[in-house]
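# Quick one: sequence plus predicted model below, questions after.
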Protein chains: 2
Amino acid sequence: MLDDRKLAVLRAIVEDYVSTNEPVGSKALAERHNLKVSPATVRNDMAALEEDGYITQPHTSAGRVPTDKGYRLFVDRLSQVKPLSGAERRAIETFLAGAVDLDDVVFRTVRLLAQLTRQVAVVQYPTLTRSTVRHVELVPLNDRRVMLVLITNTGRVEQRVIELPEVVEDDRIAHLRAVLNSCLDGCGLSNVPELVADLPERLPAEDRPAVATILSVLLETLVERHDEKIVFAGAANLAGADFATGLRDVLEALEEQVVLMRLLGETSTDTPSALTVRIGSENPYLRGTSIVATGYGSGDNQLARLGVLGPTRMDYPVTMGAVRAVARYVSQILAAS
Amino acid sequence: MLDDRKLAVLRAIVEDYVSTNEPVGSKALAERHNLKVSPATVRNDMAALEEDGYITQPHTSAGRVPTDKGYRLFVDRLSQVKPLSGAERRAIETFLAGAVDLDDVVFRTVRLLAQLTRQVAVVQYPTLTRSTVRHVELVPLNDRRVMLVLITNTGRVEQRVIELPEVVEDDRIAHLRAVLNSCLDGCGLSNVPELVADLPERLPAEDRPAVATILSVLLETLVERHDEKIVFAGAANLAGADFATGLRDVLEALEEQVVLMRLLGETSTDTPSALTVRIGSENPYLRGTSIVATGYGSGDNQLARLGVLGPTRMDYPVTMGAVRAVARYVSQILAAS
DNA sequence: CTTGGCACTCGGGAACACGGAGTGCTAGAC
DNA sequence: GTCTAGCACTCCGTGTTCCCGAGTGCCAAG
């Protein structure tokens, strides 16, 4: 059905359309890609490709444009991820290395990715669930209030102000802190609930109300942020592009955490670090856009996802290369800290 | 020069133009605002207003459009800030009250303001310099590394990983923490440098290199974030509006912290909580946009600024009302926590 | 100072023609 | 059987023209 030349034609159409943003005709195609055949032959192949739904024409007697199905085939079989140039790699390295804390890492990553791809970059904050407790801190603010600070091995810091049900002496707080730390230090966050389950019983009865309050906030903190914060950058890159679904919809989606989450997609359990590409109508929302995403994190335990959002008509090989490279570097950085 | 009727005409032009987005003509004006005079009279007044540079016509034989100078006069003398409805106020209150930490307060504030004004909202993080130290925490990560966590009374948490010049025992770290806290607790951040100046001398000689390293990072942390992070929301609201300076420029400015900072402007020292309105060409960058901003913070000490950015053609009274109200509420919230 | 009248101007939309790029088809060449 | 060349056809986009209407500026009269 699809012989080699037809595939070559499809590839050529995708490449030309991506670079020119205009429907591509048989004549220009035949000469620009030295296919060794005449425009007429190309036309026949195009007719076949259109028959099978890989390309379409905006209107009679116009050039052809790839369909979502066409891009899909291109991504799966006709292209290969384009590695970054040495200069780009060095730029990434130095830029990310300058980060001072986790916030800064995420901020720099999203900026970098946006600049590199000239698209909208999206980065999910590293999720808590797979990381481990490095330190729990209780800071007395006054005699009825403490601040809970939770520090993880990924450098994340969570804080909550807790209103205590009764006055608690500072040294009791200090004692509780010591107990908490000895109990939780180095443990995976997902294990915390069971580890603290019997804690109230091991402490003096008069402290229990306060301890219960603190623990409930602690557990809440772990659960609440399960669906993680997502940031984006590079909205300015949308200005030029024209989206099937209006620009407004895209901007709205970017500010809606829930939608973004869906778009980034779940990490496929088997190969979390693989590149995910969702093209046009394959997306749950935002039909007119494509998403290139991947998981990142240190080696075996994936922390979260990052990716790029752009028009269906994007340069997939380059974008995929950039996403993959950035994911790797940021994983390195996080593993080192 | 400008009698009452001319001012009324200018006000009417601004109001009509803001609501219709079309140049407003003498006839429509005369009947819609029952000015008790004929279109011809209005035309004479318009000619005078144009002469003085308050309005202009896009081309001959079109209606009039306010100039920046016209908006300025309108804002200064012809309008009054429109208070929010009771329902809106309650909505603000409940929405902001749900915030769990400082990040969340800022995030909710910027979202709220964007939704309320249907413009782009911009919020600067509370600045460190005026706040006070609530707690300093040193967490040993391994024997050559500690994490410094600085907690302020505004609920802000700063964290840095510090590479020590030599191995330091955990109990030394604990001691240093105790010293730091006893020395800094409750002090204004701007006083920190002098307070820690003689600290190395008061500690055992063998600890000094480590202490010096830690202190230098601490001081750096204070300085570095002096110019504070700024976040925005509501970019989708730009989609409809047409800007003199292209949409792209606006989006780029929004992602450029430095530019945003300039746009929000310095707090005027005498009346920091006053509303600042910058119209069109009065802005340092982004000529085509207007900005309504104000300081916020608990009473006497202003923490930072927040505001709204939109097309010159915006509903100033309503926008100003929303900005002022939100600033007040967020100040309350911050003072309470 | 205000008003009505009048000629003038200009932008924007509708109607129209036309050139160009591209297609589909058919008949001939390898 | 597959490729090629030629040809008629179909639209799109652009440029042109024309006309209508909204709005103005000016002037003379109230």
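Sure, I can see it. Residues are numbered from 1 along each chain as shown, chains lettered A, B, ... in the order given.
# who in the stretch 101-250 of chain A is up against chain B?
Counting by Cβ under 8 Å from any Cβ of the partner chain, the stretch 101-250 of chain A comes close to chain B at A:101-102, A:111, A:134-135, A:137, A:139, A:141, A:147, A:149, A:151, A:155, A:157-161, A:224, A:233-236, A:238-240, A:246-248. For the C-beta atoms, the positions are set from N, CA and C on the backbone; glycine is no exception.
# Mind checking which of those are buried?
Among those, those scoring as buried are A:101-102, A:111, A:134-135, A:137, A:139, A:141, A:147, A:149, A:151, A:155, A:157-161, A:233-236, A:238, A:247 (criterion: 16 or more other Cβ atoms under 10 Å in any protein chain shown).
# Narrow the residues you listed to those in helices?
In helices, judged by DSSP state H, the following of these are found: A:102, A:111, A:247.
# Make CSV out of those residues and add distance to residue B:96 and pLDDT.
Shown next, in CSV, are those (distance: Cβ to Cβ, whole Å; pLDDT from 0 to 100):
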residue, distance to residue B:96, pLDDT
A:102, 26, 82
A:111, 29, 96
A:247, 30, 85
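# Out of these, which comes closest to residue A:215?
Ranked by distance to residue A:215 (Cβ to Cβ), these are led by residue A:102 at 24.9 Å.
# The closest one is in contact with residue A:126, isn't it?
Yes - if you go by Cβ atoms under 8 Å, residue A:102 and residue A:126 touch, sitting 7.2 Å apart.
# sorry, back to before: of the ones in helices among the buried ones among the residues of the stretch 101-250 of chain A next to chain B, list those near DNA strand D.
Cross-checking those against DNA strand D (Cβ under 7 Å from any atom of the strand) gives no overlapping residues.
# for those, which one is nearest DNA strand D?
residue A:247 (19.3 Å; Cβ to the nearest atom of the strand).
# what's the closest non-adjacent residue to the closest one?
residue B:239 (5.2 Å; Cβ to Cβ, 6 or more residues apart in numbering or on different chains).
# again with residue A:203
Leaving aside its sequence neighbours, residue A:203 sits nearest to residue A:211 (Cβ to Cβ, 6+ apart; 5.8 Å).
# Show me where the stretch 101-250 of chain A has its helices.
A:102-117, A:170-184, A:192-196, A:208-224, A:247-255 (DSSP state H, counting those that start in this stretch).
# Those into a markdown table, with extra columns for distance to residue B:48?
Below are those laid out as a markdown table (distance: least, Cβ to Cβ, whole Å):
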| stretch | distance to residue B:48 |
| --- | --- |
| helix A:102-117 | 50 |
| helix A:170-184 | 73 |
| helix A:192-196 | 74 |
| helix A:208-224 | 62 |
| helix A:247-255 | 40 |
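# Identify whichever of these lies nearest to residue A:81.
helix A:102-117 (13.0 Å).
# Pull out the buried residues from the closest one.
Quick answer for helix A:102-117 (16+ other Cβ under 10 Å): A:102-103, A:105-117.
# who in the stretch 151-300 of chain A is up against DNA strand C?
So the stretch 151-300 of chain A never meets DNA strand C (Cβ under 7 Å from any atom of the strand).
# In the stretch 1-150 of chain A, which residue sits nearest DNA strand C?
Taking Cβ to the nearest atom of the strand as the measure, the stretch 1-150 of chain A has residue A:25 as its residue closest to DNA strand C, at 2.6 Å.
# how many other residues sit next to the residue lying closest to residue A:208 once chain neighbours are set aside?
Among residues not flanking residue A:208 along the chain, residue A:200 sits closest, at 4.8 Å (Cβ to Cβ, 6+ apart). Neighbourhood size, residue A:200 [other Cβ atoms under 10 Å in any protein chain shown]: 16.
# Run through chain A and note the low-pLDDT ranges.
Scanning chain A with the threshold set as pLDDT under 70 gives A:128-130, A:154-155, A:223-227, A:242, A:244, A:267-270, A:272, A:299-301, A:337.
# Report the inter-axis angle for the longest strand seen in it versus helix A:208-224.
Counting by DSSP state E, the longest strand found in chain A is strand A:133-142. On the basis of axes from the mean of the first three to the mean of the last three Cα atoms, to 10 degrees, strand A:133-142 is oriented at 130 degrees to helix A:208-224.
# Each with direction, which strands does strand A:133-142 pair with?
strand A:145-152 (antiparallel) (DSSP bridges).
# Please name the nearest non-neighbouring residue to residue A:322.
In space, and not counting its chain neighbours, residue A:322 is closest to residue A:116: 4.5 Å by Cβ to Cβ, 6+ apart.
# for residue A:304, same thing?
Of all residues not flanking residue A:304 in the chain, residue A:124 sits nearest, at 4.0 Å (Cβ to Cβ, 6+ apart).
# Pairing partners for that neighbour in the sheet, please.
residue A:230.
# That one: how many residues sit nearby?
For residue A:124, the count of nearby residues is 24 (other Cβ under 10 Å).
# Thought residue A:262 was touching it, still the case?
No - assessed by Cβ under 8 Å, residue A:124 is found out of contact with residue A:262, at 11.7 Å.
# who in the stretch 51-200 of chain A is up against DNA strand D?
By Cβ under 7 Å from any atom of the strand, the residues of the stretch 51-200 of chain A that approach DNA strand D are A:59-62.
# So what's the residue count around residue A:273?
For residue A:273, the count of nearby residues is 17 (other Cβ under 10 Å).
# and the closest residue to it other than its chain neighbours, which of the three is it?
In this structure, residue A:273 finds its nearest non-sequential neighbour in residue A:295, 5.3 Å apart by Cβ to Cβ, 6+ apart. Look at residue A:295: counting by DSSP: H, G, I helix; E, B strand; the rest coil, its state is strand.
# just the one 10 residues further on next, same as before
Secondary structure, three-state DSSP: residue A:305 is strand.
# can you pull the contacts of it?
By Cβ atoms under 8 Å, 6 or more residues apart in numbering or on different chains, residue A:305 lies in contact with A:124, A:264-265, A:267, A:293-296.
# quick check, residue A:41 in a helix?
Yes - Residue A:41: assigned to a helix according to three-state DSSP.
# got a list of what it touches?
For residue A:41, the contacting residues are residue A:30, by Cβ under 8 Å, 6+ apart.
# Could you tell me how far it is located from chain B?
Distance of residue A:41 to chain B, computed by Cβ to the nearest Cβ, to the nearest Å: 42 Å.
# go on, residue A:315?
20 Å.
# how close does that residue sit to residue B:205?
As defined by Cβ to Cβ, to the nearest Å, residue A:315 lies at a distance of 61 Å from residue B:205.
# more neighbours, these two?
More neighbours surround residue A:315 than the other of residue A:315 and residue B:205, with 19 against 8 (other Cβ under 10 Å).
# What distance do you get for the more buried one to residue A:266?
In this view, residue A:315 and residue A:266 are 26 Å apart by Cβ to Cβ.
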